[in-house]
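Asks: Can you look at this prediction? I've put the sequence above it.
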Amino acid sequence: MTQGRPDEPASPSPPQGHEHASPRRLPLLVDAVLSVGTDLELRATLQQLVDAATRLTGARYGALGVVGAERGGRVTELFTAGVDERARARIGGLPDGHSGVIGELLVHPKPLRIDDLTTDPHSSGLPPGHPPMHSFLGVPILVADKAFGNLYLAEKQGGPFTAEDEQLLRVLAAQAGIAIGNARLYETARQRERWISGTAAVTTALMSGGSPDEALTVVAEQARQLAEACAGVILQPTDEGGMEIVAASTQEDPGSLIGTTIAPGSPVLEQLLGGEAVFVSDSATDARMTTPVSERFGPSMLLPLQSGGRLIGTLALPRVRGDREYTPVERQLATQFASQAALALVLADARRSRGRLAVYEDRDRIARDLHDLVIQRLFATGMMLESARRRAEVPLVVNTLGHAVEELESTVQEVRTTIFALQQPPSDSPAGLRDRVLREAATAAAIVGFQPSVQFTGPVDNRVGRQARRGLLLALRRALAAATRRAGVTRIAIRVDADAGVTDDGAAVRLTVHDDGAPAAEPDSSGTTVTWESPL
């Protein structure tokens with residue numbers, strides 16, 4: 001066994017800055033350094049570093065473990081070379097970083113060179129499914145004098161790693177630290193630009209009008225895309241003291257999340273109701289996460305939506321299990337987004353309140369005019385006709401005048417009904433199927449940026465039963481969610497036909513949703529049509 005530590009005389013390492021490589025390997029080192037510095041995208045840079053290190057040293061396997069400071073120095077991401085996806089799946093999750101040679105490098109961030117892992121005291125063995133490895137070389141990567149991660153190489157072709165391999169890898173790691181620093185700055189700048197643009201888009205969308213449900217969906221959808229999460233969820237406090245998911249944006253069916261509640265007494269609830277942000281490494285295993293859907297998710301952020309001391313709700317942004325954790329920069333940007341979104345929601349709500357007040361005032365004026373002018377004139381006209389009917393002698397004229405009086409009385413009753421309706425808030429009238437379909441279309445419009453066309457055939461409110469109505473709305477949400485995710489969609493057409501004919505079970509209602517976006521499997525198609533049918 002040979003270990004390249006300065007404090008171990010068996011294989012002393014030259015001091016930093018005095019490495020010397022054989023002339024035949026200098027071109028390989030130059031190529032490796034240049035390949036690492038050719039990309040400003042951080043993840044691409046890290047993968048290029050692993051590939052370049054394996055080529056430079058002749059290693060069969062390579063890996064770069066990113067160290068997360070917020071997790072006590074544990075490995076948060078792993079980039080590999082020489083290991084395919086099937087092998088990575090057999091190996092399982094990330095190493096814990098507390099044991100073995102990986103733990104040794106995290107505790108003592110110095111180059112480590114081992115001839116045979118199977119006999120080295122630092123090694124704790126390999127997990128099941130891991131390919132066999134003997135020779136090993138590890139070097140820390142520093143960015144601005146702070147630990148960023150470690151570069152691991154194994155199974156050098158032709159024998160164990162040499163002191164020259166270690167020297168070359170130290171030079172490459174030093175240059176990689178500079179490239180990674182530049183890539184991190186570039187990525188941070190790009191992230192900030194994306195979040196700022198997303199915040200502006202949300203503010204514009206919210207201030208352009210729409211219902212409160214649409215506003216919450218817009219925030220959830222935009223946040224999900226910006227955070228690269230698998231879902232964007234809005235929770236609001238319930239009367240029982242818990243929290244309930246009231247809006248959701250997912251790549252699948254958001255209906256499976258809406259209505260999920262956090263029961264009172266949940267460990268995370270006190271933090272959320274207190275307006276405190278919560279960051280979770282793994283929702284499925286964190287004891288604070290007690291909702292039935294948490295087992296489907298991994299890293300998550302739960303951010304308060306509050307403005308001026310008023311808690312509107314909580315924005316949750318979970319990622320799938322096994323996905324990378326949120327970085328400190330992402331957490332900061334998402335927290336700022338939540339604050340701005342909450343302010344925009346408050347302003348949009350105030351604007352809607354002013355709009356409703358103007359509508360109510362206009363309705364009051366119309367009701368007064370109908371009562372003071374129209375009804376009185378109709379009543380006076382009816383009295384005149386009644387008087388004329390009494391004086392008339394011709395039977396035909398008498399009947400005609402009597403019919404006219406009855407029509408006027410019916411008109412007066414209808415006007416009075418209209419006056420009463422004008423004095424009621426819109427929410428007091430029950431929402432039929434027609435209104436529910438229009439609301440779903442408006443929600444989709446807030447996401448795609450244009451209003452889907454909606455067509456109704458037949459008496460949909462009176463003919464469609466409760467069970468069929470529930471199934472139709474669920475099918476409509478799924479179809480619209482799929483349409484909004486397709487690229488190039490510029491038109492969505494919705495048709496609800498309550499006269500769809502007769503099935504074996506009787507009369508049926510049919511839903512048809514068509515969009516002009518082509519599915520990925522059929523890029524040359526003229527669009528996508530979804531049809532759903534159910535007995536009434």
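Replies: Received the coordinates, thanks.
Asks: so where do the helices sit in the stretch 151-300 of the chain?
Replies: In the stretch 151-300 of the chain, the helices defined using DSSP state H, counting those that start in this stretch lie at 163-207, 212-227, 269-273.
Asks: contacting residues for the residue nearest the centre of the chain?
Replies: Closest residue to the average C-alpha location of the chain: residue 224 at 2.2 Å, with Cα atoms, centre = their mean. Contacts for residue 224 (Cβ atoms under 8 Å, 6 or more residues apart in numbering) come out as 230, 231, 232, 249, 250, 317. (C-beta placed from N, C-alpha, C; glycine too.)
Asks: From residue 243, how far out is it?
Replies: Distance from residue 224 to residue 243, counting by Cβ to Cβ, to the nearest Å: 19 Å.
Asks: Could you do residue 223 as well?
Replies: The value you get for residue 223 to residue 243, if Cβ to Cβ is used, is 17 Å.
Asks: Please apply the same query to residue 399.
Replies: 68 Å.
Asks: Please identify which of these two sits among more neighbours.
Replies: For residue 399 versus residue 243, neighbours defined as other Cβ atoms under 10 Å are more numerous around residue 243 (25 against 12).
Asks: What's opposite the more buried one in the beta bridge?
Replies: residue 237, residue 262 (DSSP bridges).
Asks: correct me, but residue 289 touches residue 280?
Replies: Yes - using Cβ atoms under 8 Å, residue 289 is in contact with residue 280, at 6.4 Å.
Asks: between these two, what contacts are shared?
Replies: residue 300.
Asks: And the strands in the stretch 201-350 of the chain, which stretches?
Replies: 231-237, 243-250, 261-262, 278-280, 297-307, 310-320 (DSSP state E, counting those that start in this stretch).
Asks: any idea which helix or strand of the chain has the worst average confidence?
Replies: strand 502-503 (a mean of 58; mean pLDDT, DSSP states H and E).
Asks: Return, as residue ranges, the portions of the stretch 201-350 of the chain with sub-threshold pLDDT.
Replies: Counting by pLDDT under 70, the ranges of the stretch 201-350 of the chain that qualify are 209-210, 254-255.
Asks: How about the secondary structure of residue 54?
Replies: In three-state terms, and counting by DSSP: H, G, I helix; E, B strand; the rest coil, residue 54 is helix.
Asks: these two touch, right, it and residue 81?
Replies: Yes - between residue 54 and residue 81 a contact is recorded at 4.8 Å, counting by Cβ under 8 Å.
Asks: who's more crowded, the two?
Replies: Of the pair residue 54 and residue 81, residue 54 is the one with more neighbours under other Cβ under 10 Å, namely 23 against 20.
Asks: What sits closest to that one if chain neighbours are left out?
Replies: The spatial neighbour of residue 54 that comes closest, neighbours along the chain excluded (Cβ to Cβ, 6 or more residues apart in numbering), is residue 62 at 3.9 Å.
Asks: just to revisit the earlier point, and the residue nearest to the centre of the chain, how far from residue 318?
Replies: Residue 224 is 9 Å from residue 318, by Cβ to Cβ.
Asks: Determine the residues that are contacts of both of these two.
Replies: 230, 231.
Asks: Can you show me the strands along the stretch 401-536 of the chain?
Replies: With DSSP E, counting those that start in this stretch as the criterion, the stretch 401-536 of the chain has strands spanning 453-457, 492-497, 502-503, 506-515, 528-535.
Asks: Out of the ones you listed, which gets nearest to residue 112?
Replies: strand 528-535 (55.1 Å; Cβ to Cβ).
Asks: OK, contacts around the nearest residue to residue 203 once chain neighbours are set aside?
Replies: Among residues not flanking residue 203 along the chain, residue 344 sits closest, at 4.5 Å (Cβ to Cβ, 6+ apart). If a contact means Cβ under 8 Å, 6+ apart, then residue 344 has 202, 203, 206, 207 as its contacts.
Asks: Is there a neighbour count for residue 485? I'd like the number.
Replies: 14.
Asks: Thought residue 253 was touching it, still the case?
Replies: No - applying Cβ under 8 Å, one finds residue 485 not in contact with residue 253, separated by 11.6 Å.
Asks: Please name the nearest non-neighbouring residue to residue 273.
Replies: Closest to residue 273 by Cβ to Cβ, 6+ apart is residue 237, at 6.5 Å.
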